[in-house]
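[1] quick one, structure for this:
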Amino acid sequence: MRLYTAEHARSGIDAKLPGIECWENQYPGYQVEIVIPEYTAICPRTGLPDFGTIYITYSPDKWCLELKSLKEYMNAFRSLGIFYENAVNRILRDLVAACHPLSMTVRGEFTPRGGILSKVEARYTRPQRRRSRKK
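    Below is the predicted model of the structure:
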């Protein structure tokens, strides 16, 4: 018998979370790194808390992430049942949708449980647009 169900696997990936605000970028060609050392969520199977550090690195295009709304968004994970892997991918999905960066990486380094330390990384790179050939 499986202990982890499909419901556990999907837990938290579509839960409603606070919106992420952005502000208009003024400069091209730089990178931003944001470190969130107090990530907390709930294991959807055991109900026990998970802790870790989330690293967000991105190259902005037209928009930059507003940090207060990002903090409120991240704090909403505290009562959310979600696996590490899903949390990192969900954060990437939501942040890319909010600010449309040129590229972004979200990495989670989670506090060891049972002697096992987990690191999860998800990446996004905006697809290159095809240039039409002039005849």
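[2] show the end-to-end separation of stretch 111-128, please.
    37 Å (CA to CA, to the nearest Å).
[3] in that stretch, what counts as buried?
    Ser118, Val120, Ala122, Tyr124 (16 or more other CB atoms under 10 Å). Where C-beta positions appear, they are placed from N, C-alpha and C, glycine not excepted.
[4] got the phi and psi for the last one?
    When quoted as degrees, to the nearest 10, the phi and psi of Tyr124 stand at phi -130, psi 140.
[5] you'd agree it is up against His100?
    No - Tyr124 is not in contact with His100 according to CB atoms under 8 Å; the separation is 10.1 Å.
[6] in which helix or strand does the residue most central in space within the chain reside?
    Note on the chain: the residue nearest the mean C-alpha position is Ile91, at 2.0 Å, using CA atoms, centre = their mean. Following DSSP states H and E, one finds Ile91 within helix 84-99.
[7] same thing with Glu33?
    Going by DSSP H and E, Glu33 is in strand 32-42.
[8] so which elements touch that strand?
    For strand 32-42, the contact count by 3 or more CB pairs under 8 Å, 6 or more residues apart in numbering; DSSP states H and E identifies strand 49-59, strand 63-65, helix 67-75 as packing neighbours.
[9] I appreciate the help and will end here.
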